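Asker: here's my sequence, what's the structure:
(chains A, B, C and D)
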Protein chains: 2
Amino acid sequence: MAIKRKDSSTEQKIVVAAQKTFMLRGYDGARMQDIADQAGINKAMLHYYFDTKDKLFEMVFATAYTQIAPNLSILTNESVPLMLRVENFVNHYTTVLMEQPQLASFVVNELNRNPEKVMHFLRGLVSDNTLAQAFMRSVEKEGKTNANMAKLHPIHLLMHIVSLCYFPFVGKPLFQYLLKLDEFQFQIVLEQRKQETILFLKLMIEGKK
Amino acid sequence: MAIKRKDSSTEQKIVVAAQKTFMLRGYDGARMQDIADQAGINKAMLHYYFDTKDKLFEMVFATAYTQIAPNLSILTNESVPLMLRVENFVNHYTTVLMEQPQLASFVVNELNRNPEKVMHFLRGLVSDNTLAQAFMRSVEKEGKTNANMAKLHPIHLLMHIVSLCYFPFVGKPLFQYLLKLDEFQFQIVLEQRKQETILFLKLMIEGKK
DNA sequence: GTCTATAATTTGATAGAC
DNA sequence: GTCTATCAAATTATAGAC
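Answerer: Presented below is the predicted three-dimensional model:
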C-alpha cells in the first residue's frame, strides 16, 4: 500500500472527487476538506494542483456545462426531419442524466446562485451564439411544409422540450416526495419518460397520435 | 418567567430580509450578516428573534414550500373538468412565479442540497399524503369517458404539467443565455407561455387543436 | 429590545520539512 | 510531489451593558 502515484493519477483523483463534491453540495456547500478526503489526499495537495477553490470549481463547471447544456446542433441539422431530431435530443439527454442525475441540478443551480463565477466561462463559448437562431429558422421552415405546426412558436417548442427533459431530474426529490416513489420506482418512471415525452412532442409537432 | 413581547415590526423586517437573502443565495450561500444588514439591524438581533440560522431558514423554507409546492387539490377536484383544472393550475403557478421568480429555484435546490434540513418539515405535512392518489384516480376516471386520453398515464401527465410550469423559471439564466433574451423579452415569453402551455396540454388531454 | 464587543468554530490558503 | 502544522479571514453565536 502507500505507493506513491504519478501526477496525472493524483490529478485525476482530485478531478473525480471535486466533481462528486461540487455536484452534490454546490459551490457554496462544497468543502475543500471533503474533496481532499474523498481523493485520499490532504488539502495542501488540492492547492498544489489547482491553486484555488474557484479554479477547481471552474474546471468542474466547464465539464458539467458542456455535458448538459442543450446541444442545439442536434435540433438544428436540417438534413434530418424535425421530429427525428427531437427524438434524438430526448433520448440523448435522458440517457446522460440517468447516468449523472445531479448534472442538470448542479448546472442550473450554479447559474442561479453564482452567475459571476460562471458567466465569464459562458462568454468564452462562441459556439452557441448562432445555434438558437438556426433552430428557430429550421422550425419555421418545417412549419411551411406541415400545416399542423404552422402555429408552433420555436422558442416555446424549445422551452417545452428542454423543460420536459430536464425538470424530472432537477425536481426529483419533489416528485419522489409527492408521488411516494422509492429509488427503484423512480428509475422506472424516468425510463418510461423517454417514450412518453417523445409521444407528447410528436402529438404537438405532427398533430397526430 | 415574564415573557418579553417581541417587536412584531422588527420581526417582520427580519422575515422579509431572510426571505430575500435565502432565496437569492440558498442556505449555504446566505450570510447572517447580509440578512441583518438588509433588515437594518445587527446580527445579535437575529439570534434574539430566531435563535439560529437553521431556525430562520426553516421558517423561510416552510413559507416558500407552501407557496410553490404543486397544489394537487387544484388538479383533483372532480367537480371541474380535467382540462379546466389543468388550465387553472398553469395560470395560477405561472402568475405566482412571475411575482417571485426565485421561488421554484430555491425550493427545488434546497430539496437537492439540504434534504436533511428540509425533510423533517415535509414529513410534518400530512395533507399531501393522499392527494397524489386522488389525482391519479381522477385522471383515470376521465380516461374512461374520453377515448383520446385512454393511454394517458397520470404520473407522466403530472410530471409534464409541473415541468412545463416550473422549469422556465428554474432554468431562466440558461434560457436567457441560449436565446439571448434580455429581462424584458424574457418576461414577455413567460407571459405567452400561459397560453402556449395550456394549448400544448389541451392537445394532449383532449386530442385536438 | 437593541446594541457593541468578543468568543468559538470553520474554512480557504500557505510555509516549510522531507 | 506529498505531508504536517499553522495562519488569516470569515462566520455563527453569545455575553453583557444600556
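
Asker: what sits closest to the residue positioned nearest the centre of chain A if chain neighbours are left out?
Answerer: Nearest to the mean C-alpha position of chain A, by Cα atoms, centre = their mean, lies residue A:68 at 2.5 Å. For residue A:68, ignoring the flanking residues on the chain, the nearest one in space by Cβ to Cβ, 6 or more residues apart in numbering or on different chains is residue A:103 at 4.8 Å. C-beta: built from backbone N, CA, C; applies to glycine.

Asker: the one you found against residue A:65, yeah?
Answerer: No - Residue A:103 is beyond contact range of residue A:65, at 9.4 Å (criterion: Cβ atoms under 8 Å).

Asker: and these two? which has more neighbours close in?
Answerer: Taking other Cβ atoms under 10 Å in any protein chain shown, residue A:103 and residue A:65 do not tie; residue A:103 has more neighbours (22 against 19).

Asker: dump the residue contacts of that one.
Answerer: By Cβ atoms under 8 Å, 6 or more residues apart in numbering or on different chains, residue A:103 lies in contact with A:23, A:64, A:67, A:68, A:96, A:97, A:169.

Asker: could you measure from the closest residue to DNA strand D within chain A over to chain B?
Answerer: Nearest to DNA strand D in chain A, going by Cβ to the nearest atom of the strand, is residue A:44, at a distance of 3.3 Å. To chain B, residue A:44 is 24 Å away according to Cβ to the nearest Cβ, to the nearest Å.

Asker: pull the number of nearby residues for that residue.
Answerer: Residue A:44 has 9 neighbours, counted by other Cβ under 10 Å.

Asker: how about the helix or strand where it lies: buried residues?
Answerer: Using DSSP states H and E, residue A:44 sits in helix A:43-50. For helix A:43-50, a neighbour-count test (16 or more other Cβ atoms under 10 Å in any protein chain shown) marks A:45, A:46, A:49, A:50 as buried.

Asker: could you do stretch A:75-87 as well?
Answerer: A:75, A:76, A:82, A:83, A:85, A:86, A:87.

Asker: contacting residues for the fourth one?
Answerer: Read that as residue A:83. A:201, A:202, A:205, A:206.

Asker: for the helix or strand bottoming out on mean pLDDT in chain A, C-alpha coordinates in PDB please.
Answerer: For chain A, counting by mean pLDDT, DSSP states H and E, helix A:131-145 ranks last in confidence among helices and strands (a mean of 82). Extracted C-alpha coordinates of helix A:131-145, given in PDB (Å, rounded to 0.1, in the frame of the first residue of the first chain):
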ATOM      1  CA  LEU A 131     -27.400  28.000 -32.800                       C
ATOM      2  CA  ALA A 132     -30.600  29.400 -31.300                       C
ATOM      3  CA  GLN A 133     -31.300  31.400 -34.500                       C
ATOM      4  CA  ALA A 134     -30.500  28.300 -36.600                       C
ATOM      5  CA  PHE A 135     -33.000  26.300 -34.600                       C
ATOM      6  CA  MET A 136     -35.700  28.900 -35.000                       C
ATOM      7  CA  ARG A 137     -35.300  29.100 -38.700                       C
ATOM      8  CA  SER A 138     -35.400  25.300 -39.100                       C
ATOM      9  CA  VAL A 139     -38.600  25.100 -37.100                       C
ATOM     10  CA  GLU A 140     -40.200  27.800 -39.100                       C
ATOM     11  CA  LYS A 141     -39.200  26.100 -42.300                       C
ATOM     12  CA  GLU A 142     -40.800  22.900 -41.200                       C
ATOM     13  CA  GLY A 143     -44.000  24.900 -40.500                       C
ATOM     14  CA  LYS A 144     -44.300  25.700 -44.200                       C
ATOM     15  CA  THR A 145     -44.400  22.100 -45.200                       C
END
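
Asker: the helix or strand harbouring residue A:203 and chain B in contact?
Answerer: Assigned by DSSP H and E, residue A:203 belongs to helix A:183-206. Yes - legend: contact between helix A:183-206 and chain B by Cβ under 8 Å from any Cβ of the partner chain is shown at A:189, A:192, A:193, A:196, A:197, A:200, A:203, A:204.

Asker: and residue A:125, its phi and psi?
Answerer: Phi and psi for residue A:125, reported as degrees, to the nearest 10, are phi -90, psi 100.

Asker: roughly how far apart are it and residue A:76?
Answerer: For residue A:125, the distance to residue A:76 equals 16 Å [Cβ to Cβ, to the nearest Å].

Asker: if we can go back for a sec, could you flag which of the residues of helix A:183-206 next to chain B are buried?
Answerer: Applying 16+ other Cβ under 10 Å to these flags A:189, A:193, A:196, A:197, A:200, A:203, A:204 as buried.

Asker: and the least confident of the residues you listed?
Answerer: Checking pLDDT across these, the minimum falls on residue A:204 at 85.

Asker: that one reaches residue A:152, doesn't it?
Answerer: Yes - counting by Cβ under 8 Å, residue A:204 does reach residue A:152; the two are 7.0 Å apart.

Asker: the domain parsing of chain A - what is it?
Answerer: A:7-56, A:69-206 (automatic domain parsing).

Asker: the longest one near DNA strand D at all?
Answerer: So that's domain A:69-206. No - using Cβ under 7 Å from any atom of the strand, we find that domain A:69-206 stays clear of DNA strand D, coming within 12.9 Å at best.

Asker: start and end of that domain, how far apart?
Answerer: Terminal residues of domain A:69-206 lie 26 Å apart, using Cα to Cα, to the nearest Å.

Asker: without its sequence neighbours, what residue ends up closest to residue A:86?
Answerer: Nearest non-adjacent residue to residue A:86, counting by Cβ to Cβ, 6+ apart: residue A:201, 5.4 Å away.

Asker: I meant residue A:187, not that one.
Answerer: In space, and not counting its chain neighbours, residue A:187 is closest to residue A:98: 7.5 Å by Cβ to Cβ, 6+ apart.

Asker: get me the contact residues on chain A for DNA strand C.
Answerer: Residues of chain A found near DNA strand C (Cβ under 7 Å from any atom of the strand) are A:30, A:31, A:32, A:33, A:43, A:44, A:47, A:51, A:52, A:53, A:54.

Asker: do I have it right that the fifth one meets residue A:31?
Answerer: No - because the distance of 9.6 Å does not satisfy Cβ under 8 Å, residue A:43 is recorded as not touching residue A:31.

Asker: ok, back up a step: tabulate the buried ones among the residues of helix A:183-206 next to chain B (TSV), appending distance to residue B:108.
Answerer: Putting those into TSV (distance: Cβ to Cβ, whole Å) gives the following:
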residue	distance to residue B:108
A:189	18
A:193	18
A:196	21
A:197	19
A:200	22
A:203	27
A:204	25
